[in-house]
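Chemist: With the input below, show me the fold.
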Amino acid sequence: FMFAAAATKGDVTVLNVIPKHLDATISKLVDIGCEVEEFDDAVRVVAKKRLRCTQVKTLPYPGYPTDMQPQIGVALALAKGTSTITESIFENRFKYLSELARMGANVKVEGNSATIEGVTEFSGARVSAPDLRAGAALVIAGLAAEGITIVDDIVYIQRGYEDFEGKLRSLGAEIERVT
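Modeler: Predicted coordinates:
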């Protein structure tokens, strides 16, 4: 949800979290230009302007979490400048980038690194969710895109996130699950 705010120039407060546990993620949100406010059990993320590029390397906790790598990848694909992501935990975690490229992202993968040259906007497209985290990231990309995006193979998203589309809708997203 924090990266959904970043990618869509939104304003989201995530409740029932321990901000200290999110230090690496919050640090990167600040690096890319988001305003972040921490409370005892909540984090507010506001993105008012175009994001900035950065470098990301996934690491075991307390480093940057591999599970958040696709979400920051979406945000960086909309950021000004060239970013790099180095995935040091899981192989094949970049499967979503080829789908993101269908939406207009400018990405190049070499081994365990991805180079992302930011674009000003995504275009709606039909994409397929290769896994849970990538599926969520592609939904975020669809929310930021001009036009309609259809995300196929949402079984991973449905299994991993309870009422994902309902929660996004409650934040103002135009989203619906269709058969």
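Chemist: Let me know whether residue 57 touches residue 66 as I believe.
Modeler: No. In this structure, residue 57 is not within contact of residue 66 by C-beta atoms under 8 Å, at 10.1 Å. From N, CA and C alone the C-beta is placed, and that goes for glycine too.
Chemist: Give the residues shared as contacts by those two.
Modeler: Shared contacts of residue 57 and residue 66 (C-beta atoms under 8 Å, 6 or more residues apart in numbering): residue 88.
Chemist: Check the spacing between the residue nearest the centre of the chain and residue 140 real quick.
Modeler: Taking C-alpha atoms, centre = their mean as the criterion, residue 71 is the residue nearest the geometric centre of the chain, at 2.1 Å. Taking C-beta to C-beta, to the nearest Å as the criterion, residue 71 is separated from residue 140 by 6 Å.
Chemist: Common neighbours of the two, please.
Modeler: With C-beta under 8 Å, 6+ apart, residue 71 and residue 140 have common neighbours residue 3.
Chemist: Checking residue 151 next. Helix, strand or coil?
Modeler: Classification of residue 151 using DSSP: H, G, I helix; E, B strand; the rest coil returns strand.
Chemist: the longest helix in this structure is where?
Modeler: Longest helix in the chain by number of residues, with DSSP state H as the criterion: helix 132-144.
Chemist: So which elements touch that helix?
Modeler: helix 2-8, helix 69-77, helix 95-102, strand 126-128, strand 150-152, helix 155-160, helix 164-170 (3 or more C-beta pairs under 8 Å, 6 or more residues apart in numbering; DSSP states H and E).
Chemist: what comes up buried for the fifth one?
Modeler: Taking 16 or more other C-beta atoms under 10 Å as the neighbour-count basis, strand 150-152 is seen to contain the buried residues residue 151.
Chemist: Run the chain-centre distance for that strand.
Modeler: 16 Å (C-alpha atoms, centre = their mean, to the nearest Å).
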